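[1] My questions are about this predicted structure, shown below with the sequence.
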Amino acid sequence: MTSALVIMANGAEDVETISVTDILSRGGIKVTTAAVSDSSTEISTAHGLTIKTDILLKNANDNYDVVVVPGGYDGSINCRKSELVGNILKKQRERGALIAAICAAPGFVLAHHGILDNTTVATGYPGTTDEIPVKSDKDVVIDPVNKIITAQGPAFAAKFAFTILAVLKDVDTANKVASGMLYTPDITA
């Protein structure tokens, strides 16, 4: 079964975290949520929700088809500070597997941990993209060569999630899930 690891840190943007987890699950992806914490599987989101994750990040394995990093300023800063997050992302890239990040996470997390280089096109939340070497102003960007998907922010959370689903499965699956949710985006892969 196709699998996803969604990394969640305190301060993660609510809609980005929930949308990607929900939409990938609806599309038949086995989603594992992991807390960036030494001891608690609960995280507090940017807007006050408490989410109980499946596992602690330190217990994640190395075999996910995609690793997703939701944004949110504080959540991204917490992922940026985590050496473990950096190691997981580097292993994912070395395996040639998909990485996805949204909002502040592309600039604050992916760029900081060396995942984005001068061959990787990426986008992010305005004001958080200074460290992204090759910036795009598109809302959602797929870099098929480097196997990285990035998005600008909360308004594009669903489109970001459907894009990940389309890349992992196919556009028809993404469109079927979108239709069932009454969502009519232009989904591509």
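    That came through, no problem.
[2] The residue nearest the centre of the chain: what secondary structure?
    Central residue of the chain (CA atoms, centre = their mean): residue 68, 2.7 Å from the mean position. Three-state assignment for residue 68 (DSSP: H, G, I helix; E, B strand; the rest coil): strand.
[3] Confirm for me that it is in contact with residue 164.
    Yes - taking contacts as CB atoms under 8 Å, residue 68 lies within contact range of residue 164: 6.9 Å. In this view, the C-beta of every residue, glycine as well, is placed from N, C-alpha and C.
[4] So for the two, which residues contact both of them?
    Both residue 68 and residue 164 are contacted by 4, 20, 24, 100, under the criterion CB atoms under 8 Å, 6 or more residues apart in numbering.
[5] Out of those residues, flag the one nearest to residue 30.
    Here the nearest of the shared contacts of residue 68 and residue 164 to residue 30, counting by CB to CB, is residue 4; it sits at 7.2 Å.
[6] Give me the nearest residue to residue 46, chain neighbours excluded.
    Spatial nearest neighbour of residue 46, chain neighbours left out: residue 72 (4.2 Å); criterion: CB to CB, 6 or more residues apart in numbering.
[7] And for residue 44?
    residue 10 (5.2 Å).
[8] go on, residue 115?
    residue 89 (5.2 Å).
[9] quick revisit: what distance do you get for the residue nearest to residue 46 to residue 30?
    Using CB to CB, to the nearest Å, we find residue 72 at a distance of 24 Å from residue 30.
[10] Neighbour count: these two, which is higher?
    residue 72 (30 against 13; other CB atoms under 10 Å).
[11] Please report phi then psi for the more buried one.
    Note on residue 72: backbone dihedrals following degrees, to the nearest 10 are phi 100, psi 130.
[12] what do you get for residue 148?
    phi -130, psi 130.
[13] quick one, strands of this protein?
    With DSSP state E as the criterion, the chain has strands at 3-8, 30-35, 42-44, 50-52, 55-56, 66-69, 98-102, 121-122, 134-135, 140-143, 148-151.
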